[in-house]
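**Student:** need a structure here:
(chains A and B)
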Number of protein chains: 2
Amino acid sequence: MGDVASSPVSSSVPSVDATARAIEFWFDFGSNYSYLSMMRIEALAAARGARILWRPFLLGPVFRKLGFDNSPFVLQKEKGAYVWKDMERQCRKYGIALTRPSTFPRAALLAMRVALLGAHEPWIGAYCRKIMQLNFADDRDIGSIDVVSEALDALGLPAQHLIADAQSDANKLRLREQTEAAIAKGIFGAPTFFVGGEMFWGNDRLEDALDYCHSMPASG
Amino acid sequence: MGDVASSPVSSSVPSVDATARAIEFWFDFGSNYSYLSMMRIEALAAARGARILWRPFLLGPVFRKLGFDNSPFVLQKEKGAYVWKDMERQCRKYGIALTRPSTFPRAALLAMRVALLGAHEPWIGAYCRKIMQLNFADDRDIGSIDVVSEALDALGLPAQHLIADAQSDANKLRLREQTEAAIAKGIFGAPTFFVGGEMFWGNDRLEDALDYCHSMPASG
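**Tutor:** The predicted structure is shown next:
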């Protein structure tokens, strides 16, 4: 899970064959189960020759559309109490670090906008992992411009430039549109995966989604 | 998954060592993910030398206590639509038959009372599997006395006698108390497993719960 400090922004194509079978990965940096998938998906996808299509979206508007004004893990205290025990056990099982964030769920609008901006860039995976680790392992405020800058700096990326682009009206609009697209696709939580029109919800279905992906005929 | 038609009610102890490590299996016959666990738990537990403690409880009062007047799979139509796709895929993966029940969730009060009555009997596993199959594979109305009788008959059990006992005031009260106990333990859905005080929620955690069970020192 090394960073790409030595490979700053470049125009080279990702190493995975662009014609490979693809899995759409819909995630929000505030989502704890998205964290588990984020730390696992690249290795699992690579092992199956699957290409990842990165789909950052805002879970807050999705929950509001469903009638919830916060995460179900906050609104339902019994479920919320359970979830962090489950997270501890799951992280131990997968060998993933965990510090329960002092704020949950963390709003991460800027970080999400940067993710959308970089969704097709070679650094997207490393950036997303970095932001997730800052939130769920280091308990840092990923909603702040300082922490997003720090993440980009650590990857050798031009933080100031990327943040300015991420905050352009066009990019802000694209994130709203991507969130509307999530709702239109029937997404009700995160992470959610799509493979050839089939929807898989939750980190617990990541392997199933990738196996399904692997079973499809290659497109090219 | 053979029935026990050839082994009617007997006073013999279950074949699993009574001092073995134990897993509490909290379930409701109306719960689709409880169905997946019901069809899998006995073989998985046996492979790990774990004893099953059968804990039927009523999910309806638990949901009402949490502020829901029905299953979340009914109240949230997006999640509901997804769940049956997920069930199809999960059943295919596990080799479990599935017909989406024409009524969901099915109330199964009498069947649940019989399960509570038989929780310590050697026929409990076969009975529970039979009821679940009638609901989720055969789309039969497991809420009816006829179908419960049929299930007991098929297992060579004295249906009329057991149903009368199940409907005694004492047994009815015990099921209410068991449901209160579920709420007191923080249960918010089904299936839920407890192993040595650790709670595991959902069919997706059955293997984890049993592995945890297996890792504990034997009590006798």
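**Student:** could you list every residue that touches A:M216?
**Tutor:** A:R21, A:V195, A:G196 (Cβ atoms under 8 Å, 6 or more residues apart in numbering or on different chains). Where you see a C-beta, it was placed from the backbone N, CA and C, and this is true even at glycine.
**Student:** Neighbours of the last one, how many?
**Tutor:** So that's A:G196. Neighbours of A:G196 under the rule other Cβ atoms under 10 Å in any protein chain shown: 14.
**Student:** What are the neighbouring residues in contact with it?
**Tutor:** Each residue near A:G196 by Cβ under 8 Å, 6+ apart is listed here: A:Y212, A:C213, A:M216.
**Student:** Tell me the spacing between it and A:G189.
**Tutor:** For A:G196, the distance to A:G189 (Cβ to Cβ, to the nearest Å) stands at 20 Å.
**Student:** Please apply the same query to A:Q160.
**Tutor:** Counting by Cβ to Cβ, the gap from A:Q160 to A:G189 is 34 Å.
**Student:** Looking at those two, which is more packed in?
**Tutor:** Taking neighbours as other Cβ under 10 Å, A:Q160 and A:G189 compare with A:G189 leading, 22 against 10.
**Student:** That one reaches A:L59, doesn't it?
**Tutor:** Yes - counting by Cβ atoms under 8 Å, A:L59 is a contact partner of A:G189 at 7.4 Å.
**Student:** Run through the bridge partners of the closest residue to A:H120 other than its chain neighbours.
**Tutor:** Leaving out its chain neighbours, the residue that sits closest to A:H120 by Cβ to Cβ, 6 or more residues apart in numbering or on different chains is A:W54, at 7.9 Å. Counting by DSSP bridges, A:W54 is bridged to A:F25.
**Student:** where does chain A have low pLDDT?
**Tutor:** Residue ranges of chain A with pLDDT under 70: A:1-20, A:218-220.
**Student:** And the strands in it, which stretches?
**Tutor:** For chain A, the strands defined by DSSP state E occupy A:22-27, A:51-56, A:192-195, A:198-201.
**Student:** Quick one: closest of those strands to A:L173.
**Tutor:** Minimum separation from A:L173 across the strands of chain A (Cβ to Cβ) falls at strand A:51-56, 14.2 Å.
**Student:** Next, the buried residues of that closest one.
**Tutor:** Neighbour-count burial for strand A:51-56 flags A:R51, A:I52, A:W54, A:R55, A:P56 (criterion: 16 or more other Cβ atoms under 10 Å in any protein chain shown).
**Student:** out of those residues, which one sits closest to chain B?
**Tutor:** Nearest to chain B out of the buried residues of strand A:51-56 is A:R55 (Cβ to the nearest Cβ; 16.8 Å).
**Student:** for chain A, which residue is closest to the average position?
**Tutor:** A:F27 (3.9 Å; Cα atoms, centre = their mean).
**Student:** Check the spacing between that one and chain B real quick.
**Tutor:** Distance from A:F27 to chain B, counting by Cβ to the nearest Cβ, to the nearest Å: 17 Å.
**Student:** Longest helix in chain A, please.
**Tutor:** Counting residues, the longest helix found in chain A (DSSP state H) is helix A:77-94.
**Student:** Give me the helices and strands touching it, please.
**Tutor:** With contacts taken as 3 or more Cβ pairs under 8 Å, 6 or more residues apart in numbering or on different chains; DSSP states H and E, helix A:77-94 sits against helix A:32-38, helix A:72-75, strand B:198-201.
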